[in-house]
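J.: with the sequence up front, the predicted model follows.
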Amino acid sequence: MAVTLADVAAAAGLSGSTVSRALSDPDKVNAATREKVVRIAGEMGYVPNHTARSLTIGRTDLIGLLVPDIANPFFPPIIKAVQARASAKGRTVVIADIDERPGDELERARQLRKRTDGLVIASPRTTDARLAELSELAPVVFVNREVPDAASVIIDSGDGMAQAVEHLAALGHRVIGYLNGPRRSWSNEQRRQAIGSTADRLGLTVLEYGPYEPQVQSGVHAADLLLAGEATAVIAYDDLIALGVMARLTERGIRTGTDISVIGVDDSPMSAMAYPTLTTIHVPGAEAGTVAVDSLLGLLDGTIEHPEPIRLETRLVVRSSTGPAPR
């Protein structure tokens, strides 16, 4: 006969509810009790019946995660952190990818919500006019976009972009290019505003190009336009575009970091392996994923009723792709 939760509780001399919490939500019991319950459950061969538990409490223990493009280096750190945190809390993550098709996002989110207890939506592409429809799928936590009256984990690009412009100004650059990301990107608007305001404060000129999709090929295309202009440095919407710029500059015999400086955004693993290594803005994706799961679970268990936006800071990581402005 299978060992039940009641059997474990009797052997441990604890109530069934305490044993249940120790196994399903261990943060809610003290460490000694948790270790005792886990040890006894293991010795007795107890196997939790998640299906029965789900039917009893009306939950699936599944969390939905929706991302625009799973192949974009910005999202894997968020995905891994969401999975790790959810697993630590006894939840499983179901991932969906809209492949950068904003028109699919709302319907995909609705389908995902039917199968899960709540959603984490990273960098939603839905227009402002229809964001409320995503919010109605509550509980939902948005990552990297501020949504009125909804739980949001915001990666604040302001500090990192300001540091990038200040870095280039200190190196003597007076004209800077900015390669815009997708027109529908909320992050792109935050980044271009931060660049513009910092450049105005420092008396620099900003030349804008794009919009561009976050792809290496976009940077290859943009590089020729940059070289036809007056900019001696460029900040790209993300590392993929920046790496594409560097590849094209190399093809044309232009030295990155000497003839023209290049800065990306994301601090993806590729940025440290490029040649020259890419100066970039570190984005706390892993932290954002962890915080998003905690916020969603808080909404589910009622410990969070009126969520306030949570802001995470970015910072500049200086490497070899930036240098003094050419004479």
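T.: Cool, the structure landed.
J.: which stretches in the stretch 101-250 of the chain count as helices?
T.: For the stretch 101-250 of the chain, the helices defined by DSSP state H, counting those that start in this stretch cover 102-115, 131-135, 157-170, 186-202, 216-227, 239-251.
J.: for the second one, buried residues please.
T.: Counting neighbours by 16 or more other C-beta atoms under 10 Å, one finds that the buried residues in helix 131-135 are 131, 134, 135. All C-beta atoms are positioned from the backbone trio N, CA, C, and that covers glycine.
J.: how about residues contacting it?
T.: Surrounding helix 131-135, the residues in contact under the criterion C-beta atoms under 8 Å, 6 or more residues apart in numbering are 105, 106, 109, 121, 124, 126, 140, 142, 147, 148, 149, 150.
J.: also the fourth one?
T.: For helix 186-202, the external contacting residues (C-beta under 8 Å, 6+ apart) are 123-124, 144-146, 155-158, 161-162, 164-166, 169, 176, 178, 180-182, 205-206, 208, 211, 235, 237, 265.
J.: got the angle for it vs helix 157-170?
T.: Direction vectors for helix 186-202 and helix 157-170, defined by axes from the mean of the first three to the mean of the last three C-alpha atoms, to 10 degrees, enclose an angle of 40 degrees.
J.: okay if I get the contacts of helix 131-135 as CSV plus pLDDT, distance to residue 222 and neighbour count?
T.: Formatted as CSV, these follow (pLDDT from 0 to 100; distance: C-beta to C-beta, whole Å; neighbours: other C-beta atoms under 10 Å):
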residue, pLDDT, distance to residue 222, neighbour count
105, 94, 26, 22
106, 94, 31, 19
109, 96, 32, 22
121, 97, 29, 31
124, 93, 25, 25
126, 88, 26, 21
140, 96, 35, 24
142, 97, 29, 25
147, 89, 30, 21
148, 85, 34, 10
149, 86, 37, 9
150, 91, 34, 21
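J.: can you flag which of those belong to strands?
T.: Under the assignment DSSP state E, the contacts of helix 131-135 contribute 121, 140, 142 to strands.
J.: residue contacts, the second one?
T.: Going back to what we said before, that points to residue 140. By C-beta under 8 Å, 6+ apart, the contact list for residue 140 reads 109, 113, 118, 119, 120, 121, 134, 150, 151, 296.
J.: neighbours of residue 268, how many?
T.: 25 (other C-beta atoms under 10 Å).
J.: distance of it relative to residue 74?
T.: Separation of residue 268 from residue 74 (C-beta to C-beta, to the nearest Å): 7 Å.
J.: following the helix or strand of the chain with the lowest mean pLDDT, which helix or strand shows up next?
T.: Of the helices and strands making up the chain, the lowest-confidence element is helix 50-57, at a mean of 49, by mean pLDDT, DSSP states H and E. Note on helix 50-57: by DSSP states H and E, the next helix or strand toward the C-terminus is strand 62-67.
J.: distance from the chain centre to the helix or strand following that next one, please.
T.: Counting by DSSP H and E, the element after strand 62-67 in chain order, helix or strand, is helix 76-88. Centre-to-centre, helix 76-88 and its host chain are 11 Å apart (C-alpha atoms, centre = their mean, to the nearest Å).
J.: partners of the helix or strand that helix 76-88 is followed by, with directions?
T.: Per DSSP H and E, helix 76-88 leads on to strand 92-97 as the next helix or strand towards the C-terminus. Strand 92-97 has the following sheet partners, assigned by DSSP bridges: strand 62-67 (parallel).
J.: now what about the partner strand, what contacts it?
T.: 75, 78-79, 82, 86, 91-98, 105, 108-109, 112-113, 115-124, 293, 296.
J.: rerun at 6 Å
T.: 75, 82, 86, 91-97, 109, 112, 116, 119-122 (C-beta atoms under 6 Å, 6 or more residues apart in numbering).
J.: low-confidence ranges in the chain?
T.: Scanning the chain for pLDDT under 70 picks out 1, 25, 48-58.
J.: where do the domain boundaries of it fall?
T.: Following automatic domain parsing, one gets these domains for the chain: 5-48, 60-155+285-312, 157-283.
J.: and the last one, how far out from the chain middle?
T.: It stands for domain 157-283. Taking the mean of its C-alpha atoms, domain 157-283 sits 20 Å from the chain's own mean (C-alpha atoms, centre = their mean).
J.: what of the second one?
T.: Computed by C-alpha atoms, centre = their mean, the chain-centroid distance of domain 60-155+285-312 equals 10 Å.
J.: that one: end-to-end distance?
T.: End-to-end span of domain 60-155+285-312 (C-alpha to C-alpha, to the nearest Å): 30 Å.
J.: if we can go back for a sec, buried members of the contacts of helix 186-202 into PyMOL, please.
T.: For the buried members of those, the matching PyMOL selection, counting by 16+ other C-beta under 10 Å, is:
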select buried, resi 123+124+144+145+155+156+157+158+161+162+164+165+166+169+176+178+180+181+182+206+235+237+265
